[in-house]
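[1] how does the following fold in three dimensions:
(one chain, ligands or ions: 1)
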Amino acid sequence: MTSSPSAASSPGRPGPASPRTTPPPGAATPELAEGGAVVALASLAGFEGCFGCGTDAENGLRIRHGGVVDGVMTCEFTVRKEHQGAPGFCHGGVLATAMDEALGGAAWLLGNRYVTGRLETDYLAPVPVGADVHLRAWCTGVDGRKAFVEGEARTGGPDGPVAVRAAGVFIEVPQEHFVPQGS
Ligand SMILES: CCCCCCCCCCCCCCCC(=O)SCCNC(=O)CCNC(=O)[C@H](O)C(C)(C)COP(=O)(O)OP(=O)(O)OC[C@H]1O[C@@H](n2cnc3c(N)ncnc32)[C@H](O)[C@@H]1OP(=O)(O)O
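    Next comes the predicted model:
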């Protein structure tokens, strides 16, 4: 088992999450599962269609998952023209999608399946079309089925300025959750 970083040692930790995305007193320290997200993902088929990371999602973000170091998960994507909001800049909703994917990935490192319950985003700087966006995310606590997660997106390199910060609550669900209704 690998422990995730403490809040104090998390590199580039965003400012305080809101009360709704802060682990409550008594929340457990996250324990990353051996094999992490790969183990949880192995129980599900069809992720190649994911709008965030799927290789089959033609207009998706094609987020490329990287590694995990000290409990911090990294991934990145390149902003394409079809991701544009204001002329020349990435749409805020696209960036929220990228944060959802990164934070979700950090939750899945716990070795269970999670869906987004709440996602908060702070936009600090515009992200131009063509930019490589470097994402990092880590879990800050676990309370029952709830995993509290934070993350950030940087441009101009993995240690460039922070463009987006996010915090969220992901809820653990059983495999049956992913069976489409009516199928
Ligand atoms: C090296 C790396 C390799 C590769 C690495 C790849 C990784 C790749 C990972 C994929 C990453 C995907 C990232 C995208 C993730 C989506 O986009 S998921 C899609 C969007 N989200 C959804 O569709 C969820 C829709 N909502 C639901 O299905 C249901 O409301 C839920 C969330 C399952 C909860 O319903 P429920 O099971 O009936 O649970 P319920 O009893 O209501 O609540 C359970 C607990 O959660 C809390 N809760 C419920 N809803 C909320 C909420 N909205 N906010 C806060 N708390 C909540 C409740 O208060 C309760 O807390 P307690 O009372 O236990 O303290």
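[2] how about the residue in the chain that the ligand sits nearest to, phi and psi?
    Nearest to the ligand in the chain, going by Cβ to the nearest ligand atom, is residue 104, at a distance of 2.6 Å. Using the backbone N, CA and C atoms, a C-beta is placed for each residue, glycine as well. The phi and psi torsions at residue 104 (degrees, to the nearest 10) take the values phi -60, psi -40.
[3] confidence score at the nearest residue to residue 112 once chain neighbours are set aside?
    Nearest non-adjacent residue to residue 112, counting by Cβ to Cβ, 6 or more residues apart in numbering: residue 172, 4.8 Å away. If you check residue 172, the pLDDT there is 97.
[4] dig out what residue 172 forms beta bridges with.
    residue 114 (DSSP bridges).
[5] what about it, distance to residue 136?
    22 Å (Cβ to Cβ, to the nearest Å).
[6] and for residue 88?
    When residue 88 is compared with residue 136 (using Cβ to Cβ), they lie 25 Å apart.
[7] among these two, which residue is more densely surrounded?
    In this view residue 88 and residue 136 are compared by other Cβ atoms under 10 Å, and residue 136 has more residues nearby, 24 against 11.
[8] what helix or strand is that one on?
    strand 132-143 (DSSP states H and E).
[9] what parts of this structure come near the ligand?
    37-38, 41, 65, 67-68, 100-101, 104-105, 108, 115-118, 144-146, 169, 171, 173 (Cβ under 6 Å from any ligand atom).
[10] cross those against strands and list the overlap.
    Judged by DSSP state E, the residues of the chain next to the ligand include 65, 67, 68, 115, 116, 117, 118, 146, 169, 171 as members of strands.
[11] now do the same contact list for residue 156.
    residue 131 (Cβ atoms under 8 Å, 6 or more residues apart in numbering).
[12] actually, residue 108.
    36, 37, 40, 41, 114.
[13] can you check residue 99 too?
    Here residue 99 is in contact with 119, 121, 135, 137, 151, 153, 164, 166, 168 (criterion: Cβ under 8 Å, 6+ apart).
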